[in-house]
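J.: Here is my input; please provide its structure:
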Amino acid sequence: MSYFRWIATGPLGRGAAVSGALLALGAGAASPTAAQKPDMVRLSSARLSILELQKLAAGVDPTSLGLGQAGPINGIPASGPLQATGEAAIALNAQRPFADEPIEPMRPFVLKADGPDWARAVRCLAQAVYYEAGREPVQGEEAVAQVVLNRLRHPAYPKSVCGVVYEGAARSTGCQFTFTCDGSLRYAPDPELWSRAVGVARKALSGFVDKAVGSATHYHADYVAPYWAPTLVKMTQVGQQIFYRWTGSWGEPGAFTGRYAGHEAELTAAILNRDGPEPAPPPREVTLAAGGEPRTYKVADVGPRGAPAAPGVLVAARRQPTRDEVARINARLASLEAGMDAPGVAAAARPAAAQVAAAGAQTLAAE
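T.: Coordinates of the predicted model:
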């Protein structure tokens, strides 16, 4: 997600985003030595199975899964290519202005779940807060938690907290939050910072709203410049993270209509291996001037015959024919046209062809 996160190996180490990949620096045992530099991170590029991810999300000790040792030095793919890093990225991000639009706060989200689902959701959200913003101020942690809950309620993402956090984590590339697929979860978090992350997660799941980031669904550190940043609305910056939302009505609070589905323990392959969000096209809209006052209406497809239109929605008078309907009409016309090649038949066939086309049009109009 952010192309950057703080990795816990006792003292937190800083992950370096380099040329579209997070590089694993150093190797050895899970516990750091006094001689290690603070910015060293020891990761393994090995991917975890769905079962291992489920256990890590539930809080199982990584050493019990045979994950206590880091692998060899390796480049770890980030979730997408970067346009720039370091000072070049900072300069590029500074050139891209923030949108001159008000940031609308989201509705409170209160997790209504039983004990096991609640506990698992808290842990998954705390993991996102900790590994994505563990060294940020509390405001930065709250902003990350808000992004997770925003995704949960957006149609493009899974409908559980753990589903959002671990989406794509079983793929070789494509994890939505980098820490779920780069080996970060193999190391125990710093107790004090983990406790703070859990507190932020509990508060977010109890209805706290971070108004600073509004409907943001994306973010990245200010010293990296991902390829997708120019395609979204640049909203605000909290600490070192820059936050974005989808463009148009797809990124406004009204689009966040998804319902929480629960089943936090069920991190299925369908959720983990998704190719990422699949945004639906924005609703069709038209602006009309009535009495000198412009008004914007949504355009809906034709519904059942006689169904009243909702306020502010325009319904087309006739629906578009389906492919099957078009194929049937064309087939009937083709059969008539085939006989028109015979001498003396063309003149007689023309009225019949016209009748067939008219009948098809009347059928569609009646529907």
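
J.: from here on, contacts and neighbour counts on C-alpha atoms
T.: Noted.

J.: What is the least confident helix or strand in this protein?
T.: Least confident element among the helices and strands of the chain, by mean pLDDT, DSSP states H and E: strand 21-23 (a mean of 26).

J.: Please enumerate the helices of the stretch 201-350 of the chain.
T.: 269-272, 323-339, 346-366 (DSSP state H, counting those that start in this stretch).

J.: mean pLDDT lowest for which of those helices?
T.: Among these, helix 346-366 carries the lowest mean pLDDT, a mean of 56.

J.: circling back: which parts of the helix or strand that the least confident helix or strand of the chain is followed by are buried?
T.: Per DSSP states H and E, the first helix or strand lying C-terminal to strand 21-23 is helix 50-58. Neighbour counts over helix 50-58 (16 or more other Cα atoms under 10 Å) mark 50, 52-54, 56-58 as buried.

J.: Neighbours of the closest residue to residue 287 other than its chain neighbours, how many?
T.: In this structure, residue 287 finds its nearest non-sequential neighbour in residue 296, 4.1 Å apart by Cα to Cα, 6 or more residues apart in numbering. Burial of residue 296 is recorded as 13 neighbouring residues (other Cα atoms under 10 Å).

J.: Number the chain from 33, please
T.: Sure, I'll start counting at 33 from here, so that last one is residue 328.

J.: Relative to residue 141, how far out is residue 328?
T.: Distance of residue 328 to residue 141, computed by Cα to Cα, to the nearest Å: 30 Å.

J.: what do you get for residue 240?
T.: Taking Cα to Cα, one finds residue 240 at 7 Å from residue 141.

J.: so how far does stretch 215-232 reach from one end to the other?
T.: When the termini of stretch 215-232 are compared using Cα to Cα, they are 23 Å apart.

J.: Listing request: residues of the chain with sub-threshold pLDDT.
T.: Applying pLDDT under 70 to the chain flags residues 33-80, 93-116, 204-205, 306-318, 321-324, 329-353, 372-399.

J.: Show me it divided up by domain.
T.: If you go by automatic domain parsing, the domain ranges for the chain are 38-304, 317-347, 355-398.

J.: what's the nearest residue to residue 262 if we skip its chain neighbours?
T.: Looking at residue 262 with Cα to Cα, 6+ apart, the closest residue is residue 128, at 7.9 Å.

J.: what about the one you found, how many neighbours?
T.: Count around residue 128 with other Cα under 10 Å applied: 11.

J.: Next one: it from residue 164, what distance?
T.: In terms of Cα to Cα, residue 128 sits 23 Å off from residue 164.

J.: likewise residue 183?
T.: According to Cα to Cα, residue 183 and residue 164 sit 16 Å apart.

J.: Residue 170 too?
T.: Taking Cα to Cα, one finds residue 170 at 12 Å from residue 164.

J.: Those two: which has the busier surroundings?
T.: The residue with more neighbours, out of residue 170 and residue 164, is residue 164; 27 against 15, by other Cα under 10 Å.

J.: what about that one, which SS state?
T.: Classification of residue 164 by DSSP: H, G, I helix; E, B strand; the rest coil places it in helix.

J.: does it really touch residue 211, like I thought?
T.: Yes: in this structure, residue 164 is within contact of residue 211 by Cα atoms under 8 Å, at 7.4 Å.

J.: ok, residue 297 to residue 152 distance?
T.: To residue 152, residue 297 is 7 Å away according to Cα to Cα.

J.: before we move on, what about residue 170?
T.: Distance, residue 170 to residue 152, using Cα to Cα: 22 Å.

J.: again with residue 238
T.: Counting by Cα to Cα, the separation of residue 238 from residue 152 is 15 Å.

J.: quick one, which of those two is more surrounded?
T.: A direct count of neighbours by other Cα under 10 Å for residue 238 and residue 152 places residue 152 higher, at 20 against 14.

J.: who touches the more buried one in this structure?
T.: By Cα atoms under 8 Å, 6 or more residues apart in numbering, the contact set of residue 152 is 89-90, 194, 296-297.

J.: Recalculate using a threshold of 10 Å.
T.: 86, 89-91, 158, 193-194, 295-297 (Cα atoms under 10 Å, 6 or more residues apart in numbering).

J.: Next, count neighbours for the spatially closest residue to residue 171 that is not a sequence neighbour.
T.: Leaving aside its sequence neighbours, residue 171 sits nearest to residue 270 (Cα to Cα, 6+ apart; 7.1 Å). As a burial measure, residue 270 scores 20 neighbours (other Cα under 10 Å).

J.: next one: residue 134
T.: Residue 134 has 8 nearby residues by other Cα under 10 Å.

J.: correct me, but it touches residue 266?
T.: No: applying Cα atoms under 10 Å as the test, residue 134 and residue 266 come out as separate, 11.7 Å apart.

J.: quick one, what contacts the residue nearest to residue 171?
T.: Shown in contact with residue 270 (Cα under 10 Å, 6+ apart): 168-169, 171-176, 244-245, 251, 253-254.
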